[in-house]
Each structure stands twice: as structure tokens, then as C-alpha cells.
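Colleague: All I have is the shape, not the residue letters:
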């Protein structure tokens, strides 16, 4: 069954101290309680655009906040075991938290900084350096169109007069990338797909054909082990990680605890989907 903040009324039947009663897709009631413990995966807490246009302080905002409060109670039900717990999910979405965990685990990461001083960024990271969103990487503009904020090369002069801490960005030293790696982990397993970086922009997502150009690879065992170790350190049962390979070898860029994997080759996408289903079924 799927439970989210936008459709609670069609799924949640009742909730009290001892049990939560939900309705599955076949219309059957399912009691989640100590006698019927369940497993789940928090993919996302709400459907896309579910709160679009809601004015802070409005009646609708209060309604949506109430839904999230109920959802928070459901996801913290002690009879539910999550592939990634909700609090760990939120923590792992923070790139700085990811880098702290990676450095502690001995994993290479690009030199980075968050600063309101553009000259400091230039001194520490050289030019050009890379700017990427510290928070959400997408938003809806005033016309309701979805916009994606891609990582971009930046020079100090580009930031003249810009308040770098109004909407904080993460600045990184530019990596001369030879290969992009998308690493997906489920529990203690990992799968790697690689993409030749030749001729691609800094952020490969800006090049449409790149999305279908990854190929499955078994040649990155050290990356698989490191990715699983990092996921465990962040207590994330599922991750979709981005790594790059430069002259010095593999380097971790970031991870998404609810990221995409179905665009990858069937050998990877199918194995990941099977592993997810197997983990969920293990609780039956």
C-alpha cells in the first residue's frame, strides 16, 4: 500500500495508541500493531506539487500541517520497520552531513565550503569553482513551471553583489572528471553504472542523451564497498549515490536517500527493484 500526505483519507482508517489501521489497494484493512509488525520504505513523504500555491498562515496551510502531523505519527509507529527511518532520511539529505560521514569513513570528497565571502571561495577552491544547491535542487517559478538548479562552474566575478548566504549554496573545487558513477545501495548490497564524461557538461543531467547512456559495471568493487559503508554510517537502507573518477581515482559527490534508479540499465535497475521488493517481503 502507499501512504502519503496528499491521500491520507483514502488509506488511513483509524489510529490509536495500540494500532494503525490502513486500507490496501484491494480494499482490505491492514492492522499495523505489535502482533502484526510491518516493513516499509519511505520513498517520499508527499506527492509532487501537493502543497503548490499554499499561502503560509492560511486555512489550507493549517490543513496540510495537520496531515503531516498525522503522517509523522504513522511513520513513527514502533510496529513499523523502515528501510530508512524518517529522521535518518532528513539528516542524510544534507550534503554537509554526507561529507562529514564520508570523511570520517576515509572516503575522498571534493574540497568544499559554504561562505558569504566570494574571495574566500576563490582562494580556497581556485577558479572556476562549482556551485550547487545546498537545499532543494528544483522549484516552481511564478508561472508554475518546474525549474531545475544544476551544478555550474562559477568565477568570483560572477558573484559580485550576490548575498551568498541568502539562499546558501555549496561551493566545491572543480573536479576534472573522466567517468561518472551512479551507485545504488539496498541494505548491504550495491550496484554501479558508469558514464563516460567525455564531451559532457559539468552536470551530466543537462545533456538529455546521457540519461540513457549509463552502462552496468562490475569494475568498481572498492566503490561498492565504500558506498555501502557510507550508507550504513548514515543509517540509510537505500541510497542513490553520485561518484566521479578523476586522475586520482573515485571520489564521492553526494547521495539521495530516495533517488532515481529506473533510468539505469536493466541489469542494475532490475536488480535494485528486486532487492527492494525482497527486503519488504522479508517482513511478511
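Modeller: Arrived safely, thanks for sending. Since this is a predicted model, take the numbers as computed values, not measurements. Numbers count the residues shown, from 1 in each chain.

Colleague: partner residues bridging the residue nearest to residue 129 when sequence neighbours are not counted?
Modeller: Excluding its sequence neighbours, the residue lying closest to residue 129 (Cβ to Cβ, 6 or more residues apart in numbering) is residue 171, at 5.3 Å. From N, CA and C alone the C-beta is placed, and that goes for glycine too. Beta bridges link residue 171 to residue 113, residue 131, judged by DSSP bridges.

Colleague: buried set for stretch 205-218?
Modeller: Within stretch 205-218, the residues scored as buried using 16 or more other Cβ atoms under 10 Å are 210, 213, 214, 217.

Colleague: So which residues make contact with it?
Modeller: 148, 150, 181-182, 191-196, 200-201, 204, 263-265, 267-268 (Cβ atoms under 8 Å, 6 or more residues apart in numbering).

Colleague: one more time with 10 Å
Modeller: 137, 148, 150-152, 179-182, 191-197, 199-201, 203-204, 223-224, 260, 263-269, 271 (Cβ atoms under 10 Å, 6 or more residues apart in numbering).

Colleague: and it, how far apart are its ends?
Modeller: 23 Å (Cα to Cα, to the nearest Å).

Colleague: Please work out the average pLDDT along it.
Modeller: Stretch 205-218 carries an average pLDDT of 94.

Colleague: ok so, going back, now a ChimeraX select for only the buried ones of the contacts of stretch 205-218.
Modeller: The ChimeraX selection below is limited to those of these classed as buried (16+ other Cβ under 10 Å):
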select :137,150,151,179,180,181,182,191,192,193,194,195,197,200,203,204,223,224,264,265,268,269,271
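
Colleague: just for the protein, where's the confidence low?
Modeller: Applying pLDDT under 70 to the chain picks out residues 137-148, 283-284.

Colleague: Nearest residue to the residue minimising distance to the centre of it in space, ignoring adjacent ones along the chain?
Modeller: Nearest to the geometric centre of the chain sits residue 256, at 2.0 Å (Cα atoms, centre = their mean). What sits nearest to residue 256 in space, not counting adjacent residues and going by Cβ to Cβ, 6+ apart, is residue 240, at 4.8 Å.
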